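>>> Next input, structure requested:
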Amino acid sequence: MIRRTTSFVLVGADAEPCRIEVDLSPHGMGSMGIVGLPDAAVRESAERVRTAVRNAGLSWPGSRITVNLAPADRRKEGPVYDLPIAIATLACTDAITPVHDGGRCPEQWFMAGELALDGSVRPVRGAVALAALARRAGAAGVVVPVANAVEADLVEGLDVVAVSHLIDVVSFLSGGPPPARSATSEPRRTARSDVPTLSAIRGQPAARRLAEIAAAGGHNLALVGPPGCGKTMLARAIAGLLPPLDAGAALEVAAVRSAAGLPVDPGTIRRPPFRSPHHTSSAAALVGGGSVPRPGEVSLAHRGVLLLDEFAEFARPTIDAMREPLEDGVVTVSRASGSVRFPADVLAIATFNPTRGREAWTPSEGCRTLVDRIGAPMLDRFDLHHVMRPPALRSFLGQGDIDGEDAVDRRAAARVADARARGLARQGVPNAGLRGRSLAEAVALETPMLEHLIASVEALGLSARAFDRIRRVARTIADLEGAERVAASHLDEAVSYRVLDRT
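Just a heads-up that it's a prediction; the model follows:
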């Protein structure tokens, strides 16, 4: 007698179907064997499932049980298969009412959950990916632990059954109603934290201008300045300038967080993420990795801001590992068993301190040190460079006009949103993502303007990659001004922001 249930295998931030097949054999001693490339946690499911079923007051078969996790060539990890294994085993013993007698088909309800020894169901990683897989596959719905229900609810057009105990699942699949949602399973609404705003950055008009350009076009930004001049505050203000995520982008962000085992709050999921890893972080922590790859900080910042504070202090292998995500917007982690791709479309902000012990610092004196530390190819991946000076203390006079500051922030956010909307309507991606023909069409330059730009790039000794980035920044500056075409003034301003790679 064979019964089947359906679960998933987490591959990066996405899910692939996993069929759980359970066979009860009348021959042999009472035991359970699990096949299909299970890891240690999956093999231990046999003891958890047996004990949970008995403690839930249900009968455990005394015959030999064989569990197959298909496809057999894909490694299975974690305790997510406890619940589907238990349900398939109970279906073999007729503890679940069959479909022809009014029950529900277990195969049509994708499920996952870890079982405690008393039969309660604990949360697992990847509930968003499971729900998205179920919707793509046309499943009847998903059965997930109560703690994961909020994540699964983010996938629209799918029935989500939240369970807290094995008995709840047996009752539901036997034709009973879905368990009632408790107050703890409802979405939490988190108040917005007190983050720095653009109006709070005093005495830095050029930096505030750069913040709008970076946010409007999604351009990577390199900031150089002494401690306390406002570099970190500016980075957090840029995150606040970004417009709310649309439904598709919010689901991508939620899927990455769920795959990493982090909580997903529907009250804030539309807010672009902000991540600031420490400079001692390893390459695996930053870009993802492990024997079974998990997303790193750059993927957790997908669709938001990644602050690389004291970037020159990061280990050189970690710096080099950032090249792919900053250029392509994805991270590829390769292992002997295959490759996994994580999304990593971020607005990266790198900060640097000038040479220690120097009162004065100029780009020409300090850029060589930065280039030697992070490498010219990495520096090339930042569209905007800016040297910040400590603000004059008198610039803080007049603080306290909250209404006026709020108006400044609202106007800046509106300009950024309008500029972003222009770019998306024109080419479907932010200006930082323009490539090839789409870049040439968005920044159509007449011959005199093109010659002027080439002469400027050659005179400063910039690379061909910098040439393209200047054009993208110029397009964003034009969008902020509401201009249809890029003008010479836009190009000149964009060139002025290439500071650190001038020869």
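
>>> what about this protein, any weak spots by pLDDT?
Residues of the chain meeting the criterion pLDDT under 70: 28, 183-195, 336-337, 355-369, 392-405, 503.

>>> how does it look with 80?
For the chain, the stretches with pLDDT under 80 are 1, 26-30, 182-203, 228, 290-292, 335-338, 354-372, 390-406, 408, 501-503.

>>> According to the record, where do the domains of it fall?
The chain breaks down into these domains under automatic domain parsing: 2-185, 198-392+401-429.

>>> Val499: which of those domains is closest?
Among those, the nearest to Val499 by Cβ to Cβ is domain 198-392+401-429 (4.0 Å). To be clear about C-beta, it is placed using only N, CA and C from the backbone, and glycine gets the same treatment.

>>> hey, where'd the helices end up in the stretch 251-400 of the chain?
Along the stretch 251-400 of the chain, the segments classed as helices by DSSP state H, counting those that start in this stretch run 283-287, 297-300, 316-321, 323-328, 363-374, 376-379.

>>> Output the domains of the chain as JSON lines; include the columns mean neighbour count.
Below are the domains of the chain laid out as JSON lines (neighbours: other Cβ atoms under 10 Å):
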{"stretch": "domain 2-185", "mean neighbour count": "19"}
{"stretch": "domain 198-392+401-429", "mean neighbour count": "19"}
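
>>> on that earlier part again, and of the helices of the stretch 251-400 of the chain, who's closest to Val124?
helix 297-300 (18.5 Å).

>>> could I have the closest one exported to PDB, CA atoms only?
Taking C-alpha atoms only, helix 297-300 is exported to PDB below (Å, rounded to 0.1, in the frame of the first residue of the first chain):
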ATOM      1  CA  GLU A 297      23.600  39.900   3.100                       C
ATOM      2  CA  VAL A 298      23.700  41.100  -0.500                       C
ATOM      3  CA  SER A 299      20.600  39.000  -1.200                       C
ATOM      4  CA  LEU A 300      18.800  40.100   2.000                       C
END
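
>>> how far does it sit from the chain's center?
Centroid separation for helix 297-300 versus its chain: 6 Å, with Cα atoms, centre = their mean, to the nearest Å.

>>> same deal with stretch 459-473?
29 Å.

>>> what does stretch 95-115 give?
Counting by Cα atoms, centre = their mean, stretch 95-115 is centred 33 Å from the centre of its parent chain.

>>> And for stretch 84-98?
On Cα atoms, centre = their mean, the centre of stretch 84-98 falls 37 Å from that of its chain.

>>> what about Ala222, helix or strand, and which?
strand 221-224 (DSSP states H and E).

>>> can I get the CA coordinates of whatever helix or strand comes next after that strand in PDB?
Proceeding N to C from strand 221-224, the next assigned helix or strand is helix 231-241, under DSSP H and E. In PDB, the C-alpha atoms belonging to helix 231-241 read as follows (Å, rounded to 0.1, in the frame of the first residue of the first chain):
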ATOM      1  CA  LYS A 231      28.200  59.000   5.600                       C
ATOM      2  CA  THR A 232      26.100  56.400   7.400                       C
ATOM      3  CA  MET A 233      23.300  58.800   8.000                       C
ATOM      4  CA  LEU A 234      23.200  59.600   4.300                       C
ATOM      5  CA  ALA A 235      23.000  55.900   3.400                       C
ATOM      6  CA  ARG A 236      20.100  55.400   5.700                       C
ATOM      7  CA  ALA A 237      18.400  58.500   4.300                       C
ATOM      8  CA  ILE A 238      18.700  57.100   0.800                       C
ATOM      9  CA  ALA A 239      16.900  53.900   1.900                       C
ATOM     10  CA  GLY A 240      14.100  56.100   3.100                       C
ATOM     11  CA  LEU A 241      13.900  57.900  -0.200                       C
END
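
>>> Now do helix 231-241: which elements does it pack against?
Here helix 231-241 touches helix 205-217, strand 221-224, strand 305-308, strand 347-352, helix 402-427, going by 3 or more Cβ pairs under 8 Å, 6 or more residues apart in numbering; DSSP states H and E.
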